[in-house]
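Undergrad: dropping a prediction and its sequence here:
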Amino acid sequence: MKWSSVSAQSVELGRGSPLFGSWLVQSASSCTSGLVVAMEDDMRKGLFAALLLFEVMASAVRGETSYVANVRAGRRTAEMICAPCHVVAGDQKQEPLLRPPAQSFAEIARGPKADEWKLQTFLASTHSSISHPANMPNPQLSEEQIRDVTAYILSLRERKRGGETRKQSN
């Protein structure tokens with residue numbers, strides 16, 4: 001309501017009129033409720049924006065936590081299944097049984113096939129055959145184990161920061 005219309009209506013009703021008091025209360029009530037509705041709408045929008053921001057941040061944390069969990073699970077799987085032939089980690093407790101050992105996971109991580117799709121495809125297929133019996137057999141990993149081992153191998157890649165080379169933390 002515009003102030004000019006309020007003053008015009010108050011003049012028409014007259015201050016001594018019994019209707020003036022009820023009109024004033026009713027007008028104030030409708031203005032206040034309109035203001036409250038507008039404030040509630042703004043508060044809802046603000047609350048929605050805050051909740052949306054919180055969800056985005058939480059999903060980023062969950063994603064990071066999930067990635068770290070995949071890397072750890074991948075290392076455990078690799079230590080159980082791959083360590084007889086590969087050096088899976090620098091602090092591996094037992095040496096590989098295969099002599100000479102197959103390529104280390106750190107070397108694989110630095111190699112040309114160190115991308116997620118190539119590693120997952122390689123881990124899901126058989127490489128030994130009658131003509132090449134010494135090649136790596138299919139380790140029979142589940143899809144989850146393949147994702148985890150891939151995440152672990154990719155976590156071993158070296159990256160450059162400020163002129164120095166560092167191993168990614170896992």
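TA: Sure, I can see it. A quick note: this is a predicted structure, and the numbers were derived from the prediction, not measured.
Undergrad: mind listing the helices for this protein?
TA: Counting by DSSP state H, residue ranges of the helices within the chain are 3-13, 18-81, 105-110, 116-123, 143-155.
Undergrad: what's the model's confidence in the second one, averaged?
TA: Here the mean pLDDT over helix 18-81 is 67, rounded to a whole number.
Undergrad: and the contacts of stretch 118-128?
TA: 108, 113, 134-139, 141, 146-147, 149-150, 153-154 (C-beta atoms under 8 Å, 6 or more residues apart in numbering). For the C-beta atoms, the positions are set from N, CA and C on the backbone; glycine is no exception.
Undergrad: which parts of that stretch are buried?
TA: Buried residues in stretch 118-128, counted by 16 or more other C-beta atoms under 10 Å: 119-120, 123.
Undergrad: closest one to Glu79 out of the residues you listed, please.
TA: Using C-beta to C-beta, Leu123 comes nearest to Glu79 of these, at 15.1 Å.
Undergrad: tell me how far that closest one lies from Val88.
TA: Between Leu123 and Val88 the distance is 13 Å, computed by C-beta to C-beta, to the nearest Å.
Undergrad: tell me the one among the contacts of stretch 118-128 nearest to Lys45.
TA: With C-beta to C-beta as the yardstick, the closest approach to Lys45 among the contacts of stretch 118-128 comes from Arg147, at 39.2 Å.
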